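Asker: Here is my input; please provide its structure:
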Amino acid sequence: MSPSATISEATFTITPMKKSSNDKHDYGAIVSDIDLNNINDIDVRHLADAIWTHKVIVVKGQKGLAPIKQWDLEDCFLNIAKHEVVGIPGAENVRLIGKGFQGEDHYGIKNKNITKPLSHDWHEKELPQDEFEKGNTRFQRWHMDAPLYGRDPAWFTTLRCIKRPTEPQVNIRWDDGSGLSMKVEPGLTAFISNVQMYEMMTEDEKKMADHSWVEYAPHPYMWIGDCKGNSNGLGLVSQGKEKELENLGDFDPKDIKTYPMVWVNPVTGEKAFQVHGICARRLFIRSSPTEEPRIVEDLVEIRKLLKIIQERVLKPEYILIPSLEEGDIVMWANYQMFHTAIDYPDWFGPRTMHQANIASSAGPVGPVPIPV
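Answerer: A predicted model of the protein is given here:
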């Protein structure tokens, strides 16, 4: 049952996002008539339900939101369940992310110029700089916001648009031999639904995924620190560049994360194929609760298996890239979605965003228990 099923109705308005005739994504909503500076406990619960239900929401009209209030909202989300980034002074858990000059004084951050590159240092096949300067770009890295070591992933992430360029459009290229591309406004975030990904699986694949689990590497982002990604932003190129575990420094085996392949939405009951393939070190494959799992440690095999399943949803018609006006906040369910940044040339202008999430006090639950 929804946590808000027995409390008063929400005071805000939820409207499904408009779709074109070509769009096949089945998620996304607009939330209006709400002031996040003065949100009450009941509406916090309804807002959490809205994220679980619609997976990605854009909360309109939050231009005057105080940074600390964005963090307070994340903290409230956590209580229901009971990093180049720079912290905002007075609200250090709200992180400044973006591109270019952030102003002489941005909430106490003085003369900050963000120059950290995105796509060009991550993909194995680089995008030529002259093509990038003409507005051609790629999805940077499809991921969920999750440490995958020591702490459980955040339920939700919130990203507030302070400033971004709105033109000209960028041309996102897959550059993977598919010939796929799509044009969008610059400075936005793209989403794919791992619920739709699960629904595209065959019955045999679903049976396997429902009963299987993933072991992630210790300090996973250090482990893949020398690796390169595929041109479409999904997954790694297998080059044997993963660090040896003994070169990762100290780690506690009890902090290594093992999660089900499939995560169940606590509000809707939907299933998501939620496997962060770039950090997966072992798969435990079985198709029933009593079957002895097959342990897959070959990273080439792991990535091949995941690629077959995950690339099905990586098509323009299944990708949502919601437009944001200054002050809008996009919120999404980390337990159901992958998202990615999309870079653009510097000459388009600066981008300023405030991002916040908080580790959950309750980790993901699969459709059947896993023996860990």
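
Asker: Point out where the stretch 251-372 of the chain drops to low pLDDT.
Answerer: 358-361 (pLDDT under 70).

Asker: Quick one: the helices in it, in order.
Answerer: 299-310 (DSSP state H, counting those that start in this stretch).

Asker: Look at the closest residue in space to residue 348 that isn't next to it in sequence and report its pLDDT.
Answerer: Nearest residue to residue 348, sequence neighbours excluded (C-beta to C-beta, 6 or more residues apart in numbering): residue 165, at 4.2 Å. In this view, the C-beta of every residue, glycine as well, is placed from N, C-alpha and C. Per-residue pLDDT puts residue 165 at 96.

Asker: Check the one 10 residues further on too.
Answerer: Per-residue confidence at residue 175 stands at 96 (pLDDT).

Asker: and it, that's in a strand?
Answerer: No. Residue 175 sits outside any strand when classified using DSSP: H, G, I helix; E, B strand; the rest coil, being coil.

Asker: and the residue nearest to residue 348, helix, strand or coil?
Answerer: Secondary structure for residue 165, judged by three-state DSSP, is coil.

Asker: Quick check: it touching residue 347?
Answerer: No. Counting by C-beta atoms under 8 Å, residue 165 does not reach residue 347; the two are 9.3 Å apart.

Asker: Can you pick out the residue with more neighbours from those two?
Answerer: Neighbour totals were compared for residue 165 and residue 347, and residue 165 leads with 18 against 9 (other C-beta atoms under 10 Å).

Asker: For that one, which phi and psi angles does the backbone take?
Answerer: In this entry, residue 165 is assigned phi and psi values of phi -70, psi 150 (degrees, to the nearest 10).

Asker: Which residue of the protein lies farthest from its centroid?
Answerer: Most distant residue from the mean C-alpha position of the chain: residue 290, 33.1 Å away (C-alpha atoms, centre = their mean).

Asker: State the distance from that one to residue 76.
Answerer: Distance, residue 290 to residue 76, using C-beta to C-beta, to the nearest Å: 42 Å.

Asker: cool, residue 299 as well?
Answerer: For residue 299, the distance to residue 76 - C-beta to C-beta - is 39 Å.

Asker: what comes into contact with stretch 229-248?
Answerer: 122-125, 127, 138-142, 173-176, 178, 217-219, 222-228, 251, 277-278, 299-300, 303, 306-307, 310-311, 314, 340 (C-beta atoms under 8 Å, 6 or more residues apart in numbering).

Asker: go again using 6 Å as the cut-off
Answerer: 122-125, 139-142, 174-176, 218-219, 222-223, 226-228, 277-278, 299-300, 303, 307, 314, 340 (C-beta atoms under 6 Å, 6 or more residues apart in numbering).
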